[in-house]
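Engineer: Kindly return the folded structure for what I paste below:
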Amino acid sequence: MHLMKDTIVIIPTYNEIENIESIIKAVFSQNKEFHILVVDDNSPDLTALKVKELQQEYPEKLFLLKRQKKTGLGSAYIDAFKWCLEKDYGYIFEMDADFSHNPNDLIKLYNACYLDGADVAIGSRYIDGVNVVNWPMSRILLSYFASKYVRFITRMEIEDTTAGFVCYKRRVLETINLDAIEFVGYAFQIEMKFKAYLKRFKIVEVPVIFTDRKKGKSKMSSGIISEAIFGVIKMKLKSFFNRK
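Structural biologist: Numbering: from 1, shown residues only. Now for the predicted structure:
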């Protein structure tokens, strides 16, 4: 039997007051029912308060996990994954609040797992050429070559290793030791895919168009980039030693 409560979309937020209401409504307007868990890192702009207001409108579908402070994307997702695993969700999504990931693509990722048997479906910017809108060329090149570099070091057959638009089947998150995930920034995305790859889960890439945020501020920084560059080498080396 196909449970209604089978899919949940995790949306991490920090100062997303300009986007949060419209992204929630866009996810809820899909043909398939998705639940949403917003993980808010105590946003000064009161994003969480807005979510609480919207919970009146969507009482059984919209959930809020409020954290005391901003401790990175990775730890926000880990907390959220654990929350989702405590419930009955079979498909758990990662998605940004800023519309860089199109809510209409959620169903494509879901179908890749539910119908086509993937364990992890990645909304990929690079599987079909470079599908990025509104980014400066420098950032496109940085992201593209970062993905190529990660692919080279890790040997994963994935074009978009840093993608943050992902659907995980429940058993992937149950199998990966979430407490052992080390990275907090964007490298977290690479590490999660690498762990799934080492466990031999079936990972597929679904082409999506990524559109840069129109409202609010980007969270990208040089620390995040260097974590990704040096962290990946360390991660790969460690994988040789603990093959278990």
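Engineer: Could you use CA atoms for every contact and neighbour count after this?
Structural biologist: Will do.
Engineer: Which parts of this structure are strands?
Structural biologist: 7-13, 35-40, 62-66, 91-94, 120-124, 132-133, 166-169, 203-207, 210-211 (DSSP state E).
Engineer: If you average pLDDT over each of those, which is lowest?
Structural biologist: Among these, strand 132-133 carries the lowest mean pLDDT, a mean of 84.
Engineer: Show me what that one is packed up against.
Structural biologist: strand 210-211 (3 or more Cα pairs under 8 Å, 6 or more residues apart in numbering; DSSP states H and E).
Engineer: other SSEs contacting the strand it packs on?
Structural biologist: Using 3+ Cα pairs under 8 Å, 6+ apart as the test, strand 210-211 ends up in contact with strand 132-133.
Engineer: beta partners of the residue minimising distance to the centre of the chain?
Structural biologist: For the chain, the residue nearest the mean C-alpha position is Glu94 (3.0 Å; Cα atoms, centre = their mean). Note on Glu94: beta-bridge partners by DSSP bridges are Ile10, Val166.
Engineer: For it, which residues are in contact?
Structural biologist: Val9, Ile10, Ile11, Tyr77, Gly164, Phe165, Val166, Cys167 (Cα atoms under 8 Å, 6 or more residues apart in numbering).
Engineer: Also Asp45?
Structural biologist: Here Asp45 is in contact with Asn15, Glu16, Ile17 (criterion: Cα under 8 Å, 6+ apart).
Engineer: which among those residues end up buried?
Structural biologist: Asn15, Glu16, Ile17 (16 or more other Cα atoms under 10 Å).
Engineer: Please dump these into TSV; it should also carry distance to Ile229 and pLDDT for every row.
Structural biologist: Converted to TSV, the buried ones among the contacts of Asp45 look like this (distance: Cα to Cα, whole Å; pLDDT from 0 to 100):
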residue	distance to Ile229	pLDDT
Asn15	27	94
Glu16	28	95
Ile17	31	96
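Engineer: Pick the one among those residues closest to Lys215.
Structural biologist: Closest to Lys215 out of those is Glu16 (8.5 Å), distances taken as Cα to Cα.
Engineer: So in this structure, which helix runs the longest?
Structural biologist: helix 222-241 (DSSP state H).
Engineer: And it, what does it pack against?
Structural biologist: Taking 3+ Cα pairs under 8 Å, 6+ apart as the contact cut, helix 222-241 packs with helix 137-154, helix 187-198.
Engineer: by how many degrees do the shortest one and helix 137-154 diverge?
Structural biologist: To tie it back to what came earlier, the one meant is helix 187-198. 30 degrees (axes from the mean of the first three to the mean of the last three Cα atoms, to 10 degrees).
Engineer: What residues sit buried inside helix 187-198?
Structural biologist: Buried, per 16+ other Cα under 10 Å, within helix 187-198: Ala187, Phe188, Gln189, Ile190, Glu191, Met192, Lys193, Phe194, Lys195, Ala196, Tyr197.
Engineer: In contact with the nearest residue to the third one once chain neighbours are set aside, which residues are there?
Structural biologist: Leaving aside its sequence neighbours, Gln189 sits nearest to Thr162 (Cα to Cα, 6 or more residues apart in numbering; 5.5 Å). Going by Cα under 8 Å, 6+ apart, Thr162 touches Ser143, Ala146, Ser147, Tyr186, Ala187, Gln189, Ile190.
Engineer: Phe230 versus the first one, what's the distance?
Structural biologist: For Ser143, the distance to Phe230 equals 15 Å [Cα to Cα, to the nearest Å].
Engineer: Just give the nearest non-adjacent residue to Phe183, would you?
Structural biologist: Nearest to Phe183 is Gly74, by Cα to Cα, 6+ apart, at 6.3 Å.
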